[in-house]
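[1] quick one, what's the 3D model for this:
(one chain, ligands or ions: 1)
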Amino acid sequence: MRQSKLFGKTRKDIKNDEKSINAELLTKAGFVEKQMAGVYSYLPLGLKTYRKIEQVIREEMNKIGGQEVLLPALQTKELWEQTGRWQELEPIMYQFKDHHGTEVGLGTTHEEVITDIVKKNISSYKDLPLALYQIQNKFRDEKRAKSGLLRGREFIMKDLYSFHTSEEDLDAYYKIAHDAYLKIFSRLGLQAFSVEASGGAMSENNSHEFMVKTDAGEDLTIFCESCSWAQNSEITKLKDGDQCPDCKKTLKIAKTVEAGNIFRLYTKYSKDMELKFTDQAGKQQLVLMGCYGIGLGRIMGTVVEASHDENGIIWTKNTTPYQVHLLNLTKDTKADKLYEDLEAEGIEVLYDDRDLSFGKKIKDADLIGICLQVIISDKEDLEVTDRQTGEKQFIKIQDLQDLVKNYYN
Ligand SMILES: [Zn+2]
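    Now for the predicted structure:
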């Protein structure tokens, strides 16, 4: 992509109403544009990063047997009344009458819709287990939408729902989904730990939250750096400096953002909505369910909160909008040629072909935060800077492709 043609410009100042680092940097760097509190548009750069996050999540969901569906955001009141949640969620749900006088709502979540669909499509134990997921917009009438992409009123989520004939099968899948979540965070370059919601052993718990360490965090998590032990500070008696119950090393406390959560729902929804299957003995039984959520915009905001410096964003390898930011400082046509060669090799390049000073180009490159900055000038060698470590190296033009491929491998 030629930066001279890129829609969405970097800017020095934004209106003073962005209180969070993620929204400030993402807006200044031209990734998002705010429409109102908690509602953002993704510009081309932002959508590139969003698609990368989506891709990692989709791959990991497919690996654990998830089948992708797309459910409606607009939902009838009648469905929500079956579980009593039309009233229960009224304070945060957008609910209104359409022009025909029908009461409808915008989905804050999709348990009712998915349970209804599965009910229409399964009948026997042979149809189970089943795992369905979607990546879709959700709506929540937040009173305090001040955290940029971390707390939206319209936001994109991946939600997976699993359906089982027995508690053992639900437990086994819950563990698999738990591990897939840790894999997603690790691939996205985020340090995450899972926190038990009630403080007992994993098998005794109905839900887990996935916490990412960042100063913007609204929660406090006590964690062990040596093993994977972690708990929400509100539910544990342990404190900073105490001994880890598992490995006896010293526990630490950190501000964290909740970036995902998973729940064993058991028969909560299948009971209310009569989602049943016929077992091997021909008896009708309630289906057991699990649900597994992760916010995509929230992850994007969390990466920015966890990984930036005074000059701008520092994307991780699987979230960088482009693999290479090529800064042209020469009038020679060799820069155009290098750009075209890299693109032909399938390397994603943002090519700063604008007629600007080096100072302005490098400032923009630091703000945008692409992992590899490559400077091409009248000198023979290319200068390659790793945005994460700040390390510079000088290499021959013909060695760049290998360097990029090795870096992202
Ligand atoms: Zn430990």
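[2] Lys405 in helix, strand or coil?
    Three-state call for Lys405 (DSSP: H, G, I helix; E, B strand; the rest coil): helix.
[3] now the closest residue to it other than its chain neighbours: phi and psi?
    Of all residues not flanking Lys405 in the chain, Ile347 sits nearest, at 7.7 Å (Cβ to Cβ, 6 or more residues apart in numbering). All C-beta spots, glycine's among them, are computed from the backbone N, C-alpha and C. As for Ile347, its main-chain torsions (degrees, to the nearest 10) stand at phi -90, psi 130.
[4] so which residues on the stretch 101-250 of the chain come close to the ion?
    224, 226-227, 229, 244, 246-247 (Cβ under 5 Å from the ion).
[5] I'd say the residue nearest to Lys405 and Tyr407 touch.
    No - the criterion here is Cβ atoms under 8 Å, and Ile347 misses it with Tyr407 at 10.5 Å.
[6] hey, what's in contact with both of these two?
    The contact sets of Ile347 and Tyr407 overlap at Gln323 (Cβ atoms under 8 Å, 6 or more residues apart in numbering).
[7] more neighbours, those two?
    Ile347 (19 against 14; other Cβ atoms under 10 Å).
[8] what sits against the more buried one?
    323-324, 401, 404-405.
[9] the stretch 151-300 of the chain: strands as residue ranges?
    All strands of the stretch 151-300 of the chain, identified by DSSP state E, counting those that start in this stretch, fall at 154-164, 192-196, 207-213, 219-224, 230-232, 251-266, 276-278, 284-286, 288-295.
[10] mind putting these into JSON lines with mean neighbour count?
    Below are those laid out as JSON lines (neighbours: other Cβ atoms under 10 Å):
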{"stretch": "strand 154-164", "mean neighbour count": "23"}
{"stretch": "strand 192-196", "mean neighbour count": "23"}
{"stretch": "strand 207-213", "mean neighbour count": "23"}
{"stretch": "strand 219-224", "mean neighbour count": "20"}
{"stretch": "strand 230-232", "mean neighbour count": "22"}
{"stretch": "strand 251-266", "mean neighbour count": "21"}
{"stretch": "strand 276-278", "mean neighbour count": "18"}
{"stretch": "strand 284-286", "mean neighbour count": "14"}
{"stretch": "strand 288-295", "mean neighbour count": "24"}
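[11] now do Ile314, the pLDDT please.
    What the model reports as pLDDT for Ile314 is 98.
[12] pull the number of nearby residues for the residue lying closest to it once chain neighbours are set aside.
    Nearest non-adjacent residue to Ile314, counting by Cβ to Cβ, 6+ apart: Ser307, 4.6 Å away. Counted with other Cβ under 10 Å, residues neighbouring Ser307 total 18.
[13] where's Ser307 relative to Phe7, distance?
    Going from Ser307 to Phe7 by Cβ to Cβ, to the nearest Å gives 25 Å.
[14] low-confidence ranges in the stretch 1-150 of the chain?
    16-17 (pLDDT under 70).
[15] looking at it, which residue is nearest the ion?
    Glu60 (25.8 Å; Cβ to the ion).
[16] outside of the helix or strand where that residue lies, which residues touch it?
    Element membership for Glu60 (DSSP states H and E) is helix 44-63. Helix 44-63 is contacted by residues 1, 6-8, 26, 29-32, 42, 68, 133, 135, 156, 158, 160, 180, 183-184, 187-188, 294, 296-297, 299-300, 315, 318-322, 348, 368 when judged by Cβ under 8 Å, 6+ apart.
[17] correct me, but Gln134 touches His110?
    Yes - with contact defined as Cβ under 8 Å, Gln134 reaches His110; the gap is 7.1 Å.
[18] for those two, list the residues in contact with both.
    71, 159.
[19] so which of these two has more stuff around it?
    His110 (24 against 19).
[20] please name the residues that touch the closest residue to the more buried one other than its chain neighbours.
    Nearest residue to His110, sequence neighbours excluded (Cβ to Cβ, 6+ apart): Leu71, at 5.2 Å. Counting by Cβ under 8 Å, 6+ apart, Leu71 touches 107, 110, 113-114, 117, 134, 136.
[21] which parts of the protein are helices?
    21-28, 44-63, 77-81, 85-88, 111-121, 167-187, 268-273, 296-306, 334-344, 358-368, 400-407 (DSSP state H).
[22] okay, the ones you listed, which one's buried deepest?
    helix 296-306 (a mean of 26; mean count of other Cβ atoms under 10 Å).
[23] just the mean pLDDT for that helix, thanks.
    96.
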